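> Here is a sequence with its predicted model. Questions after.
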Protein chains: 2
Amino acid sequence: MREVAILGIGQTRVDEHWDKSLKELAGEAVFEALKDARRESVDAVFVGNMMSGSANHQQHLGALIADWVGLRYSEAMRVEAACGSGGAAFRSGLMAVGSGAVESAVVVGVEKMTDSPGDEITAALATAADADYEADMGLSFVALNALIMQRYLHEYGWKHADFAPFSINAHRNALENPFARFHEAITEADYHKAPMVADPINLMDASPMGDGAAAVVLVPADSIRGGATITVAGSGSSTDTLAVQDRQDALWLSAAYRSAKQAYDQAGISREQIDVFESHDAFSIMAALSLEACGFAERGQAPRLALEGAILPTGRIPIATRGGLKARGHPVGATGMYQIVEIAQQLRGQAGATQVPDAIYGMAQNIGGSGSNIVTHILKRGN
Amino acid sequence: MREVAILGIGQTRVDEHWDKSLKELAGEAVFEALKDARRESVDAVFVGNMMSGSANHQQHLGALIADWVGLRYSEAMRVEAACGSGGAAFRSGLMAVGSGAVESAVVVGVEKMTDSPGDEITAALATAADADYEADMGLSFVALNALIMQRYLHEYGWKHADFAPFSINAHRNALENPFARFHEAITEADYHKAPMVADPINLMDASPMGDGAAAVVLVPADSIRGGATITVAGSGSSTDTLAVQDRQDALWLSAAYRSAKQAYDQAGISREQIDVFESHDAFSIMAALSLEACGFAERGQAPRLALEGAILPTGRIPIATRGGLKARGHPVGATGMYQIVEIAQQLRGQAGATQVPDAIYGMAQNIGGSGSNIVTHILKRGN
């Protein structure tokens, strides 16, 4: 596969966008990415989205968005892997450009969740879990994660309070990200007094839903005069059981381990060379499990990493540098593309107050379901 | 992109499968394709599906099906382009294997529609149309096609009766296809007396929904000892406006024209070399418009082609050779993969009573929406 570069990036703020439709949100991110890339058109449009069929009564987003952004007649399709849809769409775009099937592509992740009543969104989110073995038993998505976190606390002896640094770091980093949903720093006291959602997950452990879109323009690296700024150095993708109960070990994200290993191997680097990591912190427990599966912490030791400050922008393995799912927000099918855009910002030196100094390799990991479908990408800063 | 071959095929009958869940249906087709390919595993699973989120309260089919068929840990994703989901998934699998990102893949199209009430399915089908400009105005999918057919009759002076050969051919060809939903030949009289659905579309112009799955195994052509039997010679993909009203000409499927041209060019052949064509005859008007856009008939002349017998298995451009959407059935997200499997059967000489003699090139064209997203593939018989 030929080397692929990210030529342009664009994003909308994650928010309640009452004044914009789904296609307008997607369009905003795509236009920004095209402008940033100094391109007027591309050959193909890949859309990452999870729930527009139910939340917006509109499927077929490929053709809808291609036409809306002035790319009528281009190739287009939608890619879905639940909350991992954005990352999966990015991988699709990568394979399309990498294979030579097309010479350029836009990948856009988009989700518009806040038009629908909360119970409908909760039901739509539950379609990411196993309908027969989980959702039909009354397990919502947060309940599944609560069971996993409960087991983690039991197994390794941590207290709920030990997870506070994940949320505090995310909210602090979001402060100066204009695209983040929340711009409020939180304290340990805020973390402890937050309302319970599903024991032990409280409101400060859980990422908020929202409306948003993020996009990139992909081209072959050798098509860029003067050399590419950011290339895709590694891409990995792996699944695990859809139902958590079917796993031998509910505390080990084997799909994160496998997809990260594929990405490291393809990039030809070890995990120590990753300068910045956008993990899928939909719940604080997921940030912890990702850090462990990707090799940044021993099993059961991710809270220690957080307590020691290693996850801060100045730390050994900075995460949620633009707010993460927790504070930038989690418009589910768009999230994987926000992660890619944010890593690109870090590698370009455009991350403002939370810039990781001299970042060369950045990693984004997008999780579909409770660790069921995980896509990991490593981006590299060019010459 | 390296050349890709179809190593195995599998399908279930299109039917009301009350005794099988969506994953069981998909599994049946995948197991059959793997057995046919003499493979136990593949690197990746691509799933074409349109409406499982609403019809089966289950999204995230990539991970679900990968695990169910014993391919836990493989890469997996779902691809959606409304009724064109199967063809889009096939193209995704093609790009994945063609790029070298994976060494093998299963592509499976699956849809389970008959568990849900009819009005829910009608609403789910309407999400393939433009929510703002079509569905919200009360236009169902059949109504949209009825408007197009009405215009066609008006513009070119044909009568409804002139479309009878499309349905008669489809039903006759399905007679000996064990995977077809219907095994009843119909006469001209049957066609004329069929109940009206949306004037001028009557029941014999419309394809039936159903449950079904169809799958193939893809590998690099050069990995097959003794040479590949069937290769993908051409692949094209194009969009058009999502809303029919936005087109300059509602009777010209520009996305069919463009994607077919891409496929012809890539295969290095002209349309005269196509021996068999599985068109997207969701409604008889769509079969006619496809034949015209792909160059098999002059504009407005497709009914003449049908009346002259050119679309029969013995004719110049055989279509619906295994029953087509009309009589094999149209489990929407699976249809594009049925077409691929049926073309493979023709090229292998496994099409029984409706075998097209000495077929070398076969074409499958899958349409999403009312011509909004069209994927065209040309398969070639090897040595």
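Good, I have the coordinates.

> Spell out which parts of the stretch 151-300 of chain A neighbour chain B.
A:235, A:237-242, A:246, A:254-255, A:258 (C-beta under 8 Å from any C-beta of the partner chain). The C-beta positions use only the backbone N, C-alpha and C, and glycine is treated the same way.

> Tell me which two of these sit farthest apart.
Largest separation among those by C-beta to C-beta: A:235 and A:246, giving 26.4 Å.

> who has more neighbours, the two?
Using other C-beta atoms under 10 Å in any protein chain shown as the criterion, residue A:235 and residue A:246 rank with residue A:235 on top: 25 against 14.

> gap between the more buried one and residue B:76?
15 Å (C-beta to C-beta, to the nearest Å).

> With residue A:377 instead?
Residue A:377 is 17 Å from residue B:76, by C-beta to C-beta.

> now do residue A:127
Using C-beta to C-beta, residue A:127 is found at 16 Å from residue B:76.

> Of the two, which one has the most company?
Set residue A:127 next to residue B:76 and count neighbours by other C-beta under 10 Å: residue B:76 wins out with 30 against 25.

> Format the residues of the stretch 151-300 of chain A next to chain B as CSV; extra columns: pLDDT.
CSV is the format used below for those (pLDDT from 0 to 100):
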residue, pLDDT
A:235, 98
A:237, 98
A:238, 98
A:239, 98
A:240, 97
A:241, 97
A:242, 95
A:246, 95
A:254, 98
A:255, 98
A:258, 98
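
> Next, the closest residue to chain B within the stretch 201-350 of chain A: secondary structure please.
Across the stretch 201-350 of chain A, the shortest distance to chain B (C-beta to the nearest C-beta) belongs to residue A:237, at 4.0 Å. Under DSSP: H, G, I helix; E, B strand; the rest coil, residue A:237 falls in the strand class.

> Count the residues that sit near the closest residue to residue A:111 other than its chain neighbours.
Excluding its sequence neighbours, the residue lying closest to residue A:111 (C-beta to C-beta, 6 or more residues apart in numbering or on different chains) is residue A:331, at 3.8 Å. Neighbourhood size, residue A:331 [other C-beta under 10 Å]: 35.

> Then residue A:95?
For residue A:95, using other C-beta under 10 Å, the count is 28.

> Am I right that it sits in a helix?
Yes. The assignment for residue A:95 by three-state DSSP puts it in a helix.

> Pull the number of nearby residues for residue A:298.
Neighbours around residue A:298, by other C-beta under 10 Å: 11.

> sorry, that was for residue A:188
Look at residue A:188: counted by other C-beta under 10 Å, it has 13 neighbours.

> For whichever residue of the stretch 1-150 of chain A sits closest to chain B, list the residues it contacts.
Nearest to chain B, among the residues of the stretch 1-150 of chain A, is residue A:99, at 3.4 Å (C-beta to the nearest C-beta). The contact partners of residue A:99, by C-beta atoms under 8 Å, 6 or more residues apart in numbering or on different chains, come to A:1, B:1, B:95, B:98-101.

> of the residues you listed, closest to residue A:169?
Taking those together and measuring to residue A:169 by C-beta to C-beta, the closest member is residue B:101, at 33.7 Å.

> What separation do you get for the closest residue to that closest one other than its chain neighbours and residue A:377?
Excluding the flanking residues, the one nearest residue B:101 by C-beta to C-beta, 6+ apart is residue A:95, at 5.1 Å. Residue A:95 sits 12 Å away from residue A:377, going by C-beta to C-beta.

> for residue A:282, same thing?
For residue A:282, the distance to residue A:377 (C-beta to C-beta) stands at 18 Å.

> which of these two has more neighbours?
Between residue A:282 and residue A:377, counting by other C-beta under 10 Å, residue A:377 is the more crowded of the two (29 against 23).

> would that one count as being in a strand?
Yes. Under three-state DSSP, residue A:377 falls within a strand.

> Where do the strands of the stretch 1-150 of chain A begin and end?
Using DSSP state E, counting those that start in this stretch, the strands found in the stretch 1-150 of chain A span residues A:4-11, A:44-48, A:75-80, A:105-111.

> what's the answer for the stretch 151-300 of chain A, then?
Counting by DSSP E, counting those that start in this stretch, the strands of the stretch 151-300 of chain A are A:196-198, A:201-202, A:212-220, A:230-239, A:276-278.

> Reformat these as TSV; add distance to residue B:82.
As requested, those are arranged in TSV below (distance: least, C-beta to C-beta, whole Å):
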stretch	distance to residue B:82
strand A:196-198	36
strand A:201-202	36
strand A:212-220	21
strand A:230-239	24
strand A:276-278	32
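
> Now the residue nearest the centre of chain A: closest residue in space, sequence neighbours ignored.
Residue closest to the mean C-alpha point of chain A, counted by C-alpha atoms, centre = their mean, is residue A:336 at 3.1 Å. The shortest distance from residue A:336 to any non-neighbouring residue, by C-beta to C-beta, 6+ apart, is to residue A:86 (2.5 Å).

> if I look at the one you found, how far off is residue A:16?
Counting by C-beta to C-beta - residue A:86 and residue A:16 are separated by 20 Å.

> Also residue A:76?
Counting by C-beta to C-beta, the gap from residue A:76 to residue A:16 is 27 Å.

> From residue B:99, how far out is residue A:93?
For residue A:93 relative to residue B:99 (C-beta to C-beta), the value is 11 Å.

> Quick one: residues in contact with the helix or strand of chain A with the lowest mean pLDDT.
Across the helices and strands of chain A, mean confidence by mean pLDDT, DSSP states H and E is lowest for helix A:118-126: a mean of 90. Residues from elsewhere that reach helix A:118-126 (C-beta under 8 Å, 6+ apart): A:50-51, A:54-55, A:113, A:116, A:134-135, A:139-141, A:209, A:332, B:53, B:57.

> ok, of the residues you listed, which one's closest to residue B:7?
So of the contacts of helix A:118-126, ranked by how close each gets to residue B:7 (C-beta to C-beta), first place is residue B:53, at 30.9 Å.

> tally of neighbours for that closest one?
28.

> what sits against the nearest residue to it once chain neighbours are set aside?
Of all residues not flanking residue B:53 in the chain, residue B:59 sits nearest, at 4.5 Å (C-beta to C-beta, 6+ apart). By C-beta under 8 Å, 6+ apart, the contact set of residue B:59 is A:50-51, A:80, A:82, A:127-128, B:52-53, B:78.
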